[in-house]
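Undergrad: Sequence plus predicted model, see below.
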Amino acid sequence: MALRKLVLALTILAATGAGAHAQLLGGRGVGGLGAGGLSPGGIGGLPSNVPVTTVPGRIAAPSVSAPAPVLSNPASPPLSTVTPVVTGAVSNEANGLTQDLRVLAATAGRDIVGRPLGQALLGRDERGLPIVAGEVLAVSPTLESLAVARRLNFRIVRQDQLGALGLSSAVLAAPDGMDAVQALSALRQADPAGTYDYANIYNPTGGAPTGVQSASGNNASDLLMPPTATQALRIGMIDGGVETRHSSLATIRIISRNFAGSGSAPASAHGTAIASLLAGTDKGFSGYAPGATVYVADVFSGEPSGGSAAEIALALNWLAENNVAVVNISLAGPPNALLDAAVKSFVGSGHVLVAATGNDGPAAPPNFPAAYPGVIGVTAADTAHHLALDANRSAARFAALGVNVRSAALPSGYCLASGTSYASPLVAARFALLVVAPGRDNCLAALTALSFEAAQIAAGGIAYLPPPSDRVAAR
């Protein structure tokens, strides 16, 4: 996939696409919303390509209490000045296809989701995809499975109770001298009845923002303001940290929690941009559900190995515990047993998970979680309703504006950003305006309404959901 050159401040940076790939799950149905329970492939009665989602929670091992949520825009340490850093692309073969893992610096020494550059404590699986080095995840392990792990000299790093999702998990550290590939093989051979997988890493699906502007500029998303939301409307996001002091976010209620670390976590360019698109409100700028309360699940938390499947499962559980009906995740990566189980539960209990499909090109295989049954996959299009050249089309239920989208920049001002990362918030916000509380009937009604509206315009065979300005202008 060709690299996109982006300008951050006065520096040209190499664009970043994230996502590991795997085979399409096609007609394998999960989490449908039929009157008598789950129906294969979608929301009750609709075709198998219609998606929806569900979530898990946390506990620590042996007994570490989870950090308390941070309410309404707490003070945070000053942001670092912007420092240009360029990193190269790493090409890896995954299922016969090349994965392009590129990281962009957004603030001093950190990538766009807040991880420190040059300090990644990552390993690689047999496909060359990034994983947490020396760790294996166990999905709802039994006491017997944990005993097997101990006999093999694995150390139980922590156990997470994902009660809202009806799951549990364990993070297992491999014995000295054994890498994660060897460790996973050993556990699967010793305990074939157990479910184990790598601690896969998930990355943002958008490039770094470019061209910092004041709040007075215009773009297709704010020429005409969308309907004003209220704090009674809630929407969730799984991403990097958010700069709550940004002018577009300072007046809205933000409830955040760190899942990859403890204490204060750095704000990230990606998380701040996504939050502004979801609910930001400022003079001359509006998100798609302005003024809504945003639940921010920071799965990176400034940690070198942030963004793993274990943290995403914890985030889904927390959002389910808080009854957040609609969640946006602009991250992508390979299939994973724990993530699969968490998503199935989240969607199956009447929540909506909206996920970006990735930026690996139109012929690329699907990314996850967007490709899981029941998830609303979103790809990127421009203002002329043409799909972006580098946008994944696999697993896309909708296309939305994701090219030169105006969003919040760090530490202040606004910028333009491109990628499927910046398309999915539009769809998530539209669902949030329709699905106030989790429920299968609510999800079905919203999906039907948005599918009908999106059917008015088509982009590359994928239904294009227009921004509010397009809808108003068309009347």
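TA: Great, that's in hand.

Undergrad: Please name the nearest non-neighbouring residue to the residue lying farthest from the centre of the chain.
TA: For the chain, the residue at maximal distance from the C-alpha centroid (C-alpha atoms, centre = their mean) is Arg151, at 36.0 Å. In space, and not counting its chain neighbours, Arg151 is closest to Ala190: 7.8 Å by C-beta to C-beta, 6 or more residues apart in numbering. All C-beta spots, glycine's among them, are computed from the backbone N, C-alpha and C.

Undergrad: So what does that neighbour look like in phi/psi?
TA: Main-chain torsions, Ala190, degrees, to the nearest 10: phi -80, psi -30.

Undergrad: my read: it touches Leu152, true?
TA: Yes - Ala190 is within contact range of Leu152, at 6.0 Å (criterion: C-beta atoms under 8 Å).

Undergrad: centroid residue for the chain?
TA: Per C-alpha atoms, centre = their mean, the C-alpha nearest to the average position across the chain is that of Ile329, at 2.4 Å.

Undergrad: Which positions in stretch 311-319 come out as buried?
TA: Neighbour counts over stretch 311-319 (16 or more other C-beta atoms under 10 Å) mark Glu311, Ile312, Ala313, Leu314, Ala315, Leu316, Asn317, Trp318, Leu319 as buried.

Undergrad: Next secondary structure element downstream of the helix or strand that contains Phe431?
TA: Using DSSP states H and E, Phe431 maps to helix 424-434. Sequence-wise, the next helix or strand downstream of helix 424-434 (DSSP H and E) is helix 440-454.

Undergrad: by contact count, what packs against that next one?
TA: strand 349-356, helix 424-434, strand 462-464 (3 or more C-beta pairs under 8 Å, 6 or more residues apart in numbering; DSSP states H and E).

Undergrad: Go through those and pick out the most buried.
TA: Most buried of the helices and strands packed on helix 440-454 by mean neighbour count (mean count of other C-beta atoms under 10 Å) is strand 349-356; its value is a mean of 30.

Undergrad: Who are the packing partners of the helix or strand just after that strand?
TA: As assigned by DSSP H and E, the chain's next helix or strand after strand 349-356 is strand 376-381. In terms of contacts (3+ C-beta pairs under 8 Å, 6+ apart), strand 376-381 is packed against strand 349-356, strand 398-401, helix 424-434.

Undergrad: chain center to the last one: distance?
TA: Right, the one you point to is helix 424-434. Distance of helix 424-434 from the chain centroid (C-alpha atoms, centre = their mean, to the nearest Å) equals 14 Å.

Undergrad: swap in the shortest one?
TA: For strand 398-401, the distance between its averaged C-alpha position and the chain's averaged C-alpha position is 16 Å (C-alpha atoms, centre = their mean).

Undergrad: Can you pull out the low-pLDDT segments for the stretch 101-250 of the chain?
TA: 101-108, 119-121, 212-231 (pLDDT under 70).

Undergrad: ok so, going back, just checking, what packs against the helix holding Phe431?
TA: strand 234-239, helix 269-279, strand 326-329, strand 349-356, strand 376-381, strand 398-401, helix 440-454.

Undergrad: which outside residues touch that helix?
TA: 221, 226-227, 229, 233-235, 237, 274, 277-279, 287-289, 292, 325-330, 352, 354-356, 376, 378, 398, 400-402, 442, 445-446, 449-450, 465, 467 (C-beta atoms under 8 Å, 6 or more residues apart in numbering).

Undergrad: Any figure for the gap between Tyr422 and Gly374?
TA: In this view, Tyr422 and Gly374 are 23 Å apart by C-beta to C-beta, to the nearest Å.

Undergrad: higher neighbour count, the two?
TA: Tyr422 (32 against 28; other C-beta atoms under 10 Å).

Undergrad: My guess is the more buried one contacts Gly206. True?
TA: Yes - because the distance of 5.2 Å satisfies C-beta under 8 Å, Tyr422 is recorded as touching Gly206.

Undergrad: Give the residues shared as contacts by those two.
TA: By C-beta under 8 Å, 6+ apart, Tyr422 and Gly206 have these common neighbours: Ala273, Ser330, Gly402.

Undergrad: would you turn those residues into a markdown table with distance to Asn392?
TA: What follows is these, written out as a markdown table (distance: C-beta to C-beta, whole Å):
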| residue | distance to Asn392 |
| --- | --- |
| Ala273 | 19 |
| Ser330 | 13 |
| Gly402 | 11 |
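
Undergrad: Of those residues, which is the nearest to Gly109?
TA: Using C-beta to C-beta, Ala273 is the member of the shared contacts of Tyr422 and Gly206 that lies nearest Gly109, at 19.1 Å.

Undergrad: burial count for that closest one?
TA: By other C-beta under 10 Å, 36 other residues sit near Ala273.

Undergrad: Assess the claim that it and Pro209 are in contact.
TA: Yes - the criterion here is C-beta under 8 Å, and Ala273 meets it with Pro209 at 6.0 Å.

Undergrad: what is in contact with these two at once?
TA: Both Ala273 and Pro209 are contacted by Ser407, Ala409, Cys415, Ala417, under the criterion C-beta under 8 Å, 6+ apart.

Undergrad: what about the helices in the stretch 151-300 of the chain?
TA: Remark: helices assigned in the stretch 151-300 of the chain by DSSP state H, counting those that start in this stretch are 180-190, 269-279.

Undergrad: elements contacting the first one?
TA: When contacts are defined as 3+ C-beta pairs under 8 Å, 6+ apart, helix 180-190 packs onto strand 130-139, helix 143-151, strand 196-200.

Undergrad: quick one: the nearest residue to Leu401 once chain neighbours are set aside from Gly402, how far?
TA: Distance criterion C-beta to C-beta, 6+ apart; nearest residue to Leu401, sequence neighbours excluded, is Pro467 at 5.3 Å. Note on Pro467: its distance to Gly402, by C-beta to C-beta, is 11 Å.
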